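J.: Mind looking at a prediction? Sequence and model below.
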Amino acid sequence: MLSTGQLLADRYRLVHRIAVGGMGEVWQASDTRLDRIVAVKVLKAELSQDAEFLHRFRTEARTTASLNHPGIAAVHDYGETVAGEHAIAYLVMEHVEGEPLAGMLMREKRLAPDRTLDILEQAGHALQAAHERGLVHRDIKPGNILVTPTGTVKITDFGIAKAADAAPVTRSGMVMGTAHYIAPEQALGHDAEPASDVYSLAVCGYECLAGHRPFLSENAVTVAMMHIRDLPPPLPPDVPPHARAVIEATLVKDPRQRYNSGGEFAAAIAAVRSGHALPTPRGLVQTYAPVAGPVAPVGPVSQPAMQPVSPPGMAHPSGVLPMPVPPRRRVPVAVWVLLAVLVAGIVVALLVFLPDWGGSGNDDGTGGQVGTSDMVPGTRQLPPPEETTYEA
């Protein structure tokens, strides 16, 4: 068991524990060689001896170390050592003096629209650095978005990120991501993509503007199903049209109709903040430019996917017009029966393959994981201390 004052790998002296999770612990530590404060993420001893989890942890180190962006917490070192009687693996990261967005929301409930859009724009630019390298975060949530006292945003915990073309290191049947922020395609078990990160970031934006998450339930599987099938409730009427438009345009079920990268999402936010029209997602333009008929949404979506909305007084970009809404058609009863069977099958599959989701689904550390890599069968996620900067 790690303790304050312990010297890890003859170099990192542990100062105090920052956070505890199902995967391990995060400590503030002093680098005795370079005389600097760092954050050390230590994998649990039992996981350090699990070949699959150890491979995943090494992948995290290489993945994050390859990213060089001021909006991403840097990785300084990786190693494996012996602590007491156990072999453990550890990751040394940049120590960020800041507060998680989750803590800000817990204290302030809602954030001002301009502040919200600034945080989302910065986070989008940071994600773009990963997306350009074919990397997907897969677990964007307020707990992984840090805001420094000067307002700078840093994204942490690329622990379940992976190269899109790399061999999967996750266990068969596992869905990554926290249920309240999971993209519909991830909830359906499809591979995460940059547009999945964008959806999760838009959910964070919704929470900042509304003061609550779009889909609420104490059951993580229920929340995941709501992301698949339901439209989010309208934002409060006092949310400005430009902020409302960018969130509504991004919380669509079909990833092909979203902004397809962090950079495109950030550019859309910058446009509306400058008073320009909301840009139409490039994927939507490519899908509908040669209009040959409506495109079927991906997955069992029982509600029509939302289209990008322009605020009052803002025209659509030149050459791009909104798709006309097709007339409502009466759906045969047999189709509804088939859809109900399909949804029930998905729920059963989630319950069979995803037994651990860590509790009530709160981003403050109380759980809500749907098959997340941090949760291990037979273990329980512990609540973090009152002030957390990183998530284990």
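T.: Received it, and whenever you're ready, just let me know what you need. All of these numbers come straight from a predicted model, not from anything done at the bench. Numbering: from 1, shown residues only.
J.: Per-residue pLDDT of Leu43, please?
T.: Among the per-residue scores, Leu43 shows a pLDDT of 86.
J.: what do you get for the one 5 residues further on?
T.: In this prediction, Ser48 carries a pLDDT score of 82.
J.: ok, it to His76 distance?
T.: According to CB to CB, to the nearest Å, Ser48 and His76 sit 19 Å apart. Yep, even glycine has a C-beta here, placed from its N, CA and C like the rest.
J.: What of Ala19?
T.: Ala19 sits 18 Å away from His76, taking CB to CB as the criterion.
J.: and the two? which has more neighbours close in?
T.: Per other CB atoms under 10 Å, whichever of Ala19 and His76 has more neighbours is Ala19, with 23 against 17.
J.: Averaged over its residues, which helix or strand of this protein has the lowest pLDDT?
T.: With mean pLDDT, DSSP states H and E as the measure, the helix or strand of the chain carrying the lowest mean pLDDT is strand 162-163 (a mean of 43).
J.: pLDDT on the helix or strand just after it, on average?
T.: Proceeding C-terminally, strand 162-163 gives way to helix 184-187 as the next helix or strand, assigned by DSSP states H and E. Averaged across helix 184-187, the pLDDT comes to 95.
J.: Restricting to C-alpha, output helix 184-187 in PDB.
T.: Extracted C-alpha coordinates of helix 184-187, given in PDB (Å, rounded to 0.1, in the frame of the first residue of the first chain):
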ATOM      1  CA  PRO A 184     -24.800   6.700 -29.000                       C
ATOM      2  CA  GLU A 185     -22.500   4.600 -31.300                       C
ATOM      3  CA  GLN A 186     -20.300   3.700 -28.300                       C
ATOM      4  CA  ALA A 187     -23.400   2.700 -26.300                       C
END
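J.: Beyond it, next helix or strand please.
T.: From helix 184-187 onward toward the C-terminus, using DSSP H and E, the following helix or strand is helix 194-210.
J.: Can you list the residue ranges for strands in this structure?
T.: Secondary structure of the chain (DSSP state E): strands located at 7-8, 12-20, 24-31, 36-43, 75-83, 86-94, 99-100, 135-136, 145-147, 153-155, 162-163.
J.: Reformat these as TSV; add distance to Pro240.
T.: Below are the strands of the chain laid out as TSV (distance: least, CB to CB, whole Å):
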stretch	distance to Pro240
strand 7-8	49
strand 12-20	35
strand 24-31	37
strand 36-43	36
strand 75-83	38
strand 86-94	34
strand 99-100	25
strand 135-136	30
strand 145-147	21
strand 153-155	21
strand 162-163	37
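J.: what's the closest of those to Ala65?
T.: Ranking the strands of the chain by distance to Ala65, with CB to CB as the measure, places strand 75-83 first at 4.3 Å.
J.: buried stuff in the closest one?
T.: Of the residues in strand 75-83, 75-78, 81, 83 count as buried by neighbour count, 16 or more other CB atoms under 10 Å.
J.: swap in stretch 236-248?
T.: Taking 16+ other CB under 10 Å as the neighbour-count basis, stretch 236-248 is seen to contain the buried residues 239, 242-248.
J.: for these, which one is nearest Ser261?
T.: Minimum separation from Ser261 among the buried residues of stretch 236-248 (CB to CB) is found for Val246, which lies at 14.8 Å.
J.: got the contact list for the closest one?
T.: Going by CB atoms under 8 Å, 6 or more residues apart in numbering, Val246 touches 117, 202, 205, 268-269, 272, 278.
J.: Then Pro232?
T.: Applying CB under 8 Å, 6+ apart, one finds that Pro232 lies in contact with 206, 214-215, 251.
J.: Save these as TSV, and put in pLDDT and distance to Pro70 too.
T.: Rendered in TSV, the data for the contacts of Pro232 read as follows (pLDDT from 0 to 100; distance: CB to CB, whole Å):
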residue	pLDDT	distance to Pro70
Tyr206	99	26
Pro214	98	30
Phe215	97	33
Leu251	98	28
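J.: Out of these, list just those in helices.
T.: Secondary structure defined by DSSP state H assigns Tyr206 of those to helices.
J.: Counting neighbours, which of the contacts of Pro232 comes out on top?
T.: Using other CB under 10 Å as the contact criterion, the top neighbour count among the contacts of Pro232 goes to Tyr206, which has 25 neighbours.
J.: all helices of this protein, in order?
T.: Taking DSSP H as the test, the helices found in the chain are 45-48, 51-65, 101-108, 113-131, 184-187, 194-210, 220-229, 241-250, 262-273, 282-288, 333-353.
J.: that older thread, any chance of JSON lines for the contacts of Val246, columns pLDDT, neighbour count and distance to Ala29?
T.: Putting the contacts of Val246 into JSON lines (pLDDT from 0 to 100; neighbours: other CB atoms under 10 Å; distance: CB to CB, whole Å) gives the following:
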{"residue": "Leu117", "pLDDT": "99", "neighbour count": "24", "distance to Ala29": "35"}
{"residue": "Ala202", "pLDDT": "99", "neighbour count": "27", "distance to Ala29": "35"}
{"residue": "Gly205", "pLDDT": "99", "neighbour count": "25", "distance to Ala29": "33"}
{"residue": "Ala268", "pLDDT": "98", "neighbour count": "26", "distance to Ala29": "39"}
{"residue": "Ile269", "pLDDT": "99", "neighbour count": "29", "distance to Ala29": "36"}
{"residue": "Val272", "pLDDT": "98", "neighbour count": "23", "distance to Ala29": "42"}
{"residue": "Leu278", "pLDDT": "97", "neighbour count": "23", "distance to Ala29": "45"}
